[in-house]
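>>> Return atomic coordinates for the entry below.
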Amino acid sequence: RQEQPSTMSGVHKGQDIMSGDSLPSAVPTLKVMRLQSPEMGQPSAGMVGNRNLLGTALALPDSFGVIHIGEVFTAYIGALNASNDLPVRHLTVSAQLQTPSKRFPLPSKIDSSSIPGGADVGPGGGVDAVVTRALEEVGQHILRLEVGYGNNGSKSLRKFYRFNVSNPLNISELTTRAGDSSCFVSIAIENSIASGGNLGGLTISSAEFQTPPGLKAERVSGCGGPTKAGTSSAVALFDSCGRLEPGSSFRYLFRVSVASEDSSMKGIACGDELGKAVFMWRKAMGETGRIASASVICPQAHPAIPPEMVDRRDIARVWTESDGKFVVNGSGLSVDVAAAAANRSAAHSPARGPAAFLDEVMAITIEPIDPPKRMELAKPTEIQLLIVNHSDRMMNLQLQMRLSQMNGVVVCGRSFKNLGELASHGASLVVSVRLIALVAGLLRVQGCAVVDLSTGQEIKQPPLFNVFVDKSTPDQ
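You can find the predicted model right below:
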C-alpha cells in the first residue's frame, strides 16, 4: 500500500486571501477513498476489459472492498476547490465512524481542532488527510463526514459512506475441568471468507490465550511432531504454517492454570473467567487483522441439572447417583461448593436456581488425594481422603463406605469411621481408608457418604475416582 503525498497548494490560515467574513466562498468538492492493498485477479476498478492496468495480477478493489473485523480501516479524505476564481473560506472537515453500537471521532489535521477558524483554500487548491480506526464490531458501519465552510463555517455539507464489516473467522470453544486449579480450553477456528476471485485464504500468524490476573495459559502441542530422522512431517509443516483456506478449520488446545500460591488456594471455580483467545491473521497481500474470542468461562463440575428442578433431594440424587462418567477426582467439585458458599455469605440473600443449592446439598465434600491410577487385584491399597465442611455450623461426622453401593472395589476393614467434630466455614481434615479390588477392569470407587451424628443428616458423595485393576501389573 502506498500513500501519495498530500496536495496543500493554495492553502492559507484564517483570512489571508481576502479579509472580511461576508465575502463569498466557493463550494468545496469532497473526495474519499479507502487505502488498502490491491486484490488478486478480480475484475474491478483499474481494469479495461480483460486488461489489468496495474499489471498481470493486481487490481484496485471497487468502492471500499471487502472489510473484516480486526482490520484497521484507513481512508483518504480530500477537500478540493474546483472554482477558478473564488476561494473556499474557513474550510474544516470532521470525520466520525459509526458502528452498530457506538460512534467514534476520527481526528485529522483538517478538522476544527487542528485548524482553529478553518483554512482558506485558493482556486484549484485543496486539503487532505488520512484517518484510521481499528474495526471491532461486525455489521454495517458508516463513515460520516461533515465539511464546514463560508463565513466562520456557517455553511456545511454532509456525506455518508456505508460499508459492511464481516467476520473472517468462526470461533468456538470447549472447556474441560482438570482439577481444582486448571482447565483445558479447546479453541476451534474456521475460515468463513467466501472463496472466489479474491482468494479468501488466511494465514494465522499468531495464536495466544490471554488470561486475567492470577491465571496463566500455555499452549499444548498437537500431533504431527518431528519424525525419527529429526525432520518435520508434511502434516506438521502444513499445520505450523497457519494457512487456512475458505471452509478449512484448525483447533488449538490451551491449559489454563493458577499462576500464584494465593490463586492456588482459591482454585478455579464454576463461573470464573478464564480469559480469551486472540488470533493475528494475514491476507494474501499482507493486510493484517486481529480477532479475539468471547470470554471463556469455567464450566460447572457437577452433572447438568434441569432448570425446572428445585427440590434439593432430587438435585442430590442427580449429583450422587448419576449413571454418567462423573467422578470427584479432577472435577473441581469442592472448589465449586466453596465458591457457592462464599457467594451466598457475601450476598446475604437466598440463592436461586439449582446450581445455587450446591453448598447446601454438598455441605460436606470428600475428595481423594492423589488416588492411584492402577490397583493390583486382591491387594489392599490405602487411600487418603480430604473432608471439608462448607456449612455455617459445626458437625459431628461419621464416614461410611457402604458395601451395598460399591462395585468391584470395596472397603477393606471397618466400613465406617467416626471423625469427631469438624468446624464450619471451610474447616477440613484428612483420613485414610483401605480399599481392595475384587475384580479386574476399569472401575469406579463409589458408595461413600458422611452422616452428621448430631442431627442425623446424611450427605451422599458422588463416585470418588476411576481406577484400572490389573491382575498382574503392580501399583504405579
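>>> I figured residue 131 was touching residue 93, is that so?
No - with contact defined as Cβ atoms under 8 Å, residue 131 does not count as touching residue 93 (9.7 Å). Heads up, the C-betas are built off the backbone N, CA and C, glycines and all.
>>> shared neighbours of those two, anything?
77, 108 (Cβ atoms under 8 Å, 6 or more residues apart in numbering).
>>> Please enumerate residues in contact with the lengthiest helix in the chain?
Identified as the longest helix of the chain according to DSSP state H is helix 333-347. Contacts of helix 333-347 with the rest of the structure, by Cβ under 8 Å, 6+ apart, involve 180-181, 266-272, 300-302, 328, 351, 355-356, 358-359, 362, 365, 367, 386, 388, 390-392, 425-426, 462.
>>> still on that earlier bit, neighbour count: residue 131 and residue 93, which is higher?
Taking other Cβ atoms under 10 Å, residue 131 and residue 93 do not tie; residue 93 has more neighbours (28 against 24).
>>> I'd like the distance between the more buried one and residue 128.
Per Cβ to Cβ, to the nearest Å, residue 93 is found 9 Å from residue 128.
>>> can you check residue 443 too?
76 Å.
>>> which sections of the chain are below the confidence cut-off?
The model of the chain has pLDDT under 70 over residues 1-22, 37-63, 65, 152-153, 195-199, 222-232, 234-240, 302-324, 347-357, 472-476.
>>> Geometrically speaking, which residue is the centre of it?
By Cα atoms, centre = their mean, the chain has its centre lying nearest to residue 276, at 2.8 Å.
>>> Now the host helix or strand of that residue - C-alpha only, CSV.
Element membership for residue 276, per DSSP states H and E: strand 273-282. The C-alpha coordinates for strand 273-282 follow below in CSV (Å, rounded to 0.1, in the frame of the first residue of the first chain):
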residue,chain,number,x,y,z
GLU,A,273,-13.4,-16.0,33.8
LEU,A,274,-10.5,-17.8,32.2
GLY,A,275,-9.6,-15.3,29.5
LYS,A,276,-10.0,-15.2,25.7
ALA,A,277,-8.1,-16.5,22.7
VAL,A,278,-6.5,-13.8,20.4
PHE,A,279,-5.5,-14.5,16.8
MET,A,280,-3.5,-12.5,14.4
TRP,A,281,-4.2,-13.2,10.7
ARG,A,282,-2.8,-12.1,7.4
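>>> Starting from that strand, tell me which strands it pairs with and how they run.
strand 202-210 (antiparallel), strand 288-292 (antiparallel), strand 296-297 (antiparallel) (DSSP bridges).
>>> which outside residues touch the last one?
Right, strand 296-297. Applying Cβ under 8 Å, 6+ apart, the contact partners of strand 296-297 are 173, 175, 185, 256, 271-277.
>>> In those residues, find the pair that's most separated.
271 and 277 (19.0 Å; Cβ to Cβ).
>>> and those two? which has more neighbours close in?
Shown here are residue 271 and residue 277; by other Cβ under 10 Å, residue 277 has more neighbours (22 against 14).
>>> can you map out the strands along the stretch 251-400 of the chain?
With strands called from DSSP state E, counting those that start in this stretch, the stretch 251-400 of the chain shows them at 273-282, 288-292, 296-297, 364-368, 374-376, 381-389, 395-401.
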